[in-house]
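Asks: here is a sequence with its predicted model. Questions after.
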Amino acid sequence: MATEKKVEQITARDVDFAQWYTDVVKKAELIDYSSVKGCVILRPYAHALWENIQRTLDGMFKETGHENVSMPLFIPESLLQKEKDHVAGFAPEVAWITHGGGEPLTERLCVRPTSEVLFCEHYAHIIQSWRDLPKLYNQWCSVVRWEKTTRPFLRSREFWWQEGHTIHATREEAEEETLRMLHVYATFAEETLAMPVVKGQKTASERFAGAENTYTIECMMHDGQALQSGTSHFFGDGFARAFNIQFTDRTNTLQYPFQTSWGLSTRIIGGIIMTHGDDNGLVLPPRIAPVQVVVIPVAAHKPGVLEAARALRARLRAAGLRARLDDSDQSPGWKFAEHEMKGVPLRVELGPRDLAGDQCVLARRDTGAKQTAPLESAEAAAAALLEEIQSHLLEAARTNLRERTHTAASLEEMRHIAQTQGGFVKTMWCGGAACEEKVREVTGMKSRCVPFAQESLGDACACCGAKADTMIYWGFQY
RNA sequence: CGGGGUGUGGCACAGGUGGUAGUGUGCUUGGUUCGGGACCAAGAGGCCGUGGGUUCGAGUCCCACCACUCCGACCA
């Protein structure tokens, strides 16, 4: 019953969620701040996480026929101005370049906040015939939006993302693409990140600037706030008309093509942290974790221990697991805490006692449970546990989503839930923007989406009481 | 953009009424340890966020600015 030595602790998650988040982000060595507000450094651990996200998503994009490109960083002001809704949405938060090499520019350039107009300009150059369609492009890059308040991953001035941009001969084909990519995001979030989603359509007031329709995956964080985790937009032929992109169809008639765009950003890393993390720090789903298994030798100076640990690490790697050996000269207890902070899903302890019994100790990050396994079959045991951890995390997140989803039939009920519990509130909605505004004034919540999975909760709008046949989700958002 | 908090070795913090900086941890070296953040010893490391001002003298007082952070309004 030794009194534990007081060590720097992170804030308890359920005491001050925002502070806990900031502590984890720093202590898990994910980011460092730079001297420019809102621009953070992704440290190797966060970058490795992002690389795993990229690898998985990029594979899914390739499977669905997409090609990667790289577009310029700069957009001339006149180009940005071409689509009026789009520029109105983004102009307030763009960064401008006014000088080059010390000379004032004749036309100022904005640093891309998103690349629709760059793709449009390019499409106008390369598309003439129906045979040139579709183009299914994607790019991995960073973009800049001059945010006023910033938080690591969740809202920064520069952030990394992918933006898919596609162009099609028909409206139907483009609409189908918009939904296909939304489902790719949803599958990725649930299967790889263990983040259950609510899929649906944004209301008119929440649409992307210039879009005819915006679809979203919404995730529920541990503190009851929603995170818009990926969006997919259908543009109709609005951009094509603004940028004069035309093609000749099979009947030799000039037509405007139809476009989509869809994006997912490093914000999702904030989502992973806030979905799975706990009082001991980060908890990473095995499928995305940079290190899936860490091998910690105990009493590494004793004969045979380090050798056995190295051999075990090699076998774990040979079995296809991302395994690391921590042979630094810290004490075992220090290493346990350190790798827990970093969210490593599985820890293997290997010391003289284990070697004497031809076994090792496996400790799960998610539950903290320890078990022993025969050394000879450690890879199989580790692989099985990683699968269990992955599905357990998804299950826990689903439980959180379920428990934090409430139903309301009146504005007063909505306000009560908003004030006492947060989470998602689902109601019937008349479809009016006035009710959205009213709900926001009264409860502070915004509409999240009109989910694809509709339920009938009644026939009256929870806000105005008018006839309603649409179910909508509301919530506080990041 | 409004309101609050904070800027002092890498990190976390002390430094009443002004006098040229200290503690913990981390770091380096050596030794002992090693199953939940080990211990001993000797070291290295700081134009006190930036710029002005008051003063013989500013970490300390005054003004401005900047950054980070939290809470709201706006956005991935």
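Replies: Ah, there it is. Residues are numbered from 1 along each chain as shown, chains lettered A, B, ... in the order given.

Asks: now stretch A:448-466: mean pLDDT?
Replies: Mean pLDDT, stretch A:448-466: 96.

Asks: tell me which residues in it are buried?
Replies: Neighbour-count burial for stretch A:448-466 flags A:448-451, A:457, A:460-463 (criterion: 16 or more other Cβ atoms under 10 Å). Where C-beta positions appear, they are placed from N, C-alpha and C, glycine not excepted.

Asks: with stretch A:140-147 instead?
Replies: Using 16+ other Cβ under 10 Å as the burial criterion, the residues of stretch A:140-147 that qualify are A:140-141, A:143-146.

Asks: residue contacts, residue A:32?
Replies: Shown in contact with residue A:32 (Cβ atoms under 8 Å, 6 or more residues apart in numbering): A:40-41, A:43.

Asks: how close does it get to RNA strand B?
Replies: Applying Cβ to the nearest atom of the strand, to the nearest Å, the value for residue A:32 to RNA strand B is 9 Å.

Asks: helix or strand for that residue, which one?
Replies: For residue A:32, the element it lies in under DSSP states H and E is strand A:31-33.

Asks: partners of the helix or strand following that strand, with directions?
Replies: Scanning forward in sequence from strand A:31-33 by DSSP H and E, the next helix or strand is strand A:40-42. The strands that strand A:40-42 pairs with in its sheet are strand A:31-33 (antiparallel) (by DSSP bridges).

Asks: ok so, going back, please narrow the buried residues of stretch A:140-147 to those residing in strands.
Replies: A:140-141, A:143-144 (DSSP state E).

Asks: tell me the confidence at the nearest residue to residue A:10 once chain neighbours are set aside?
Replies: Spatially, and ignoring its direct neighbours in sequence, residue A:10 is nearest to residue A:23 (3.8 Å; Cβ to Cβ, 6 or more residues apart in numbering). Model confidence at residue A:23, given as pLDDT, is 87.

Asks: would you agree residue A:23 is in contact with residue A:15?
Replies: No. Contact criterion Cβ atoms under 8 Å: residue A:23 and residue A:15 do not qualify, at 11.3 Å.

Asks: the two: which has the busier surroundings?
Replies: Counted by other Cβ atoms under 10 Å, residue A:23 and residue A:15 do not tie: residue A:23 has more neighbours, with 19 against 9.

Asks: is that one in a helix, a strand, or coil?
Replies: helix (DSSP: H, G, I helix; E, B strand; the rest coil).

Asks: do the same with residue A:136
Replies: Three-state call for residue A:136 (three-state DSSP): strand.

Asks: mind listing what it touches?
Replies: Contact analysis of residue A:136 by Cβ under 8 Å, 6+ apart lists A:64-67, A:164, A:166, A:177.

Asks: okay, and the beta partners of it?
Replies: The partner list for residue A:136 in beta bridges (DSSP bridges) reads residue A:166.

Asks: could you check how far it is from RNA strand B?
Replies: Distance of residue A:136 to RNA strand B, computed by Cβ to the nearest atom of the strand: 21 Å.

Asks: for residue A:417, same thing?
Replies: Counting by Cβ to the nearest atom of the strand - residue A:417 and RNA strand B are separated by 15 Å.

Asks: wait, a helix at that residue?
Replies: Yes. Assigned with three-state DSSP, residue A:417 falls within a helix.

Asks: and residue A:447, that one's in a strand?
Replies: Yes. Residue A:447: assigned to a strand according to three-state DSSP.

Asks: got the contact list for the nearest residue to residue A:110 once chain neighbours are set aside?
Replies: In this structure, residue A:110 finds its nearest non-sequential neighbour in residue A:94, 4.3 Å apart by Cβ to Cβ, 6+ apart. Contact partners of residue A:94, counting by Cβ under 8 Å, 6+ apart, are A:80, A:110-111, A:113, A:144-146.

Asks: next one: residue A:397
Replies: Contacts for residue A:397 (Cβ under 8 Å, 6+ apart) come out as A:194-196, A:220, A:275-276.

Asks: in helices, which of those residues fall?
Replies: Taking DSSP state H, the ones among the contacts of residue A:397 that sit in helices are A:275-276.

Asks: how many neighbours does residue A:111 have?
Replies: Neighbour count for residue A:111, taken as other Cβ under 10 Å: 18.

Asks: my guess is it meets residue A:146, correct?
Replies: No. Here residue A:111 lies out of contact with residue A:146, judged by Cβ under 8 Å, at a distance of 9.1 Å.

Asks: now flag whichever of the ones in strands among the buried residues of stretch A:140-147 is closest to residue A:474.
Replies: residue A:143 (28.4 Å; Cβ to Cβ).

Asks: separation between the closest one and residue A:303?
Replies: Residue A:143 sits 56 Å away from residue A:303, going by Cβ to Cβ, to the nearest Å.

Asks: ramachandran angles for residue A:301?
Replies: Main-chain dihedrals, residue A:301, degrees, to the nearest 10: phi -80, psi -20.

Asks: which residues are in contact with it?
Replies: Contacts of residue A:301 (Cβ under 8 Å, 6+ apart): none.

Asks: run the last query once more with 10 Å
Replies: residue A:329 (Cβ atoms under 10 Å, 6 or more residues apart in numbering).

Asks: go on, the one 3 residues further on?
Replies: By Cβ under 10 Å, 6+ apart, the residues touching residue A:304 are A:311, A:352, A:355-356.

Asks: same thing but at 6 Å, please
Replies: Residues near residue A:304 by Cβ atoms under 6 Å, 6 or more residues apart in numbering: residue A:355.

Asks: any part of whichever strand or helix holds residue A:260 near RNA strand B?
Replies: Secondary structure assigned from DSSP H and E places residue A:260 in strand A:258-265. Yes. Applying Cβ under 7 Å from any atom of the strand, one finds strand A:258-265 in contact with RNA strand B at A:263, A:265.

Asks: before we move on, the earlier item: distance-wise, check the residue nearest to residue A:110 relative to residue A:80.
Replies: For residue A:94 relative to residue A:80 (Cβ to Cβ), the value is 8 Å.

Asks: find residues that contact each of the two.
Replies: Between them, residue A:94 and residue A:80 share these contacting residues under Cβ under 6 Å, 6+ apart: residue A:110.

Asks: my read is that residue A:394 contacts residue A:194, right?
Replies: Yes. With contact defined as Cβ atoms under 6 Å, residue A:394 counts as touching residue A:194 (4.0 Å).

Asks: can you pick out the residue with more neighbours from these two?
Replies: More crowded of residue A:394 and residue A:194, by other Cβ under 10 Å: residue A:194, with 27 against 20.

Asks: wait, the more buried one sits on residue A:395?
Replies: No. The criterion here is Cβ under 6 Å, and residue A:194 misses it with residue A:395 at 8.5 Å.

Asks: which residue packs closest to residue A:211, ignoring adjacent ones?
Replies: Leaving out its chain neighbours, the residue that sits closest to residue A:211 by Cβ to Cβ, 6+ apart is residue A:233, at 4.1 Å.

Asks: what are the buried residues along the helix or strand the one you found falls within?
Replies: Taking DSSP H and E as the criterion, residue A:233 maps to strand A:226-236. Residues A:226-236 are the ones in strand A:226-236 that count as buried (16+ other Cβ under 10 Å).

Asks: packing partners for that strand?
Replies: helix A:171-187, strand A:213-220, strand A:258-265, helix A:267-276 (3 or more Cβ pairs under 6 Å, 6 or more residues apart in numbering; DSSP states H and E).

Asks: perfect, I'm done here.
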